[in-house]
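# My questions concern the predicted model and sequence given below.
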Amino acid sequence: MASDDATIRHATRDDVDTIFSLIHELAAYEKSTSDVAATPEILSRTLAHYDPTTDSFSQGYARTFLLVAPDSSNTVVGMALYFYNFSTWTGIPGVYLEDLFVKPEYRGKGYGKALIKACAKESIRLGGSRMDWTCLAWNEPSLKFYESLGAKRKDDWVGLRAEGEALKRLAES
């Protein structure tokens, strides 16, 4: 898939170190690098990797679109990491965009929109009718960007999470 001469492709197993690096750049932007526990070894096991020789994916929990800018000598400058979700109310699947990141020097060129568009197409390919994601409340530039694409804030829902010891206690209760 190409957009503005950029190339978007699914990540292969050989891209794990690149994905890991982009995750750290995103964490730095969000001022939370100390929270990153992922390693290349973990990502190798847990991500679904595209195999172009068989046009299939390995087992894994999430897939990654990578964006290669035309001026970058095949350097990956952005990613959209996503997984499938399901709506009990509609009875159909969709896509949950876990992380969207474009390197700062490549922003404003339509690359973020191209990555989101790729995820939207993936949702439609599945027969889905929606795509979900979250954004930090303080990240006004990103919120304005998402809204410019037609996304609506879901202020009536509250994000919840059980993790670490709380998750273990819940599982054992």
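Yep, that arrived. All figures in this text were calculated on a predicted structure; none of them were measured in a lab. Residues are numbered from 1 along each chain as shown.
# From here on, just use CA atoms for contacts and neighbour counts.
Will do.
# Could I get the phi/psi values of residue 77?
Torsion angles at residue 77 (phi, psi; degrees, to the nearest 10) stand at phi -120, psi 0.
# mind listing the helices for this structure?
Taking DSSP state H as the test, the helices found in the chain are 16-29, 40-46, 111-125, 140-148, 164-172.
# want to try TSV for those helices, with mean pLDDT, distance to residue 7 and mean neighbour count as columns?
As requested, those are exported to TSV (pLDDT from 0 to 100; distance: least, Cα to Cα, whole Å; neighbours: other Cα atoms under 10 Å):
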stretch	mean pLDDT	distance to residue 7	mean neighbour count
helix 16-29	97	16	17
helix 40-46	98	23	15
helix 111-125	96	9	19
helix 140-148	93	21	13
helix 164-172	94	38	10
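# how about TSV for these, with distance to residue 156 added?
Shown next, in TSV, are the helices of the chain (distance: least, Cα to Cα, whole Å):
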stretch	distance to residue 156
helix 16-29	27
helix 40-46	32
helix 111-125	23
helix 140-148	16
helix 164-172	25
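# who wins for proximity to residue 65 among those helices?
Among the helices of the chain, the nearest to residue 65 by Cα to Cα is helix 111-125 (7.1 Å).
# now the angle from the closest one to helix 140-148?
Compare the direction of helix 111-125 with that of helix 140-148 by axes from the mean of the first three to the mean of the last three Cα atoms, to 10 degrees and you get 50 degrees.
# Helix 111-125 - contacts with which helices or strands?
Other helices and strands packing on helix 111-125, by 3 or more Cα pairs under 8 Å, 6 or more residues apart in numbering; DSSP states H and E, are strand 6-10, strand 63-68, strand 76-87, strand 92-102, strand 131-133.
# Thanks a lot, see you next time.
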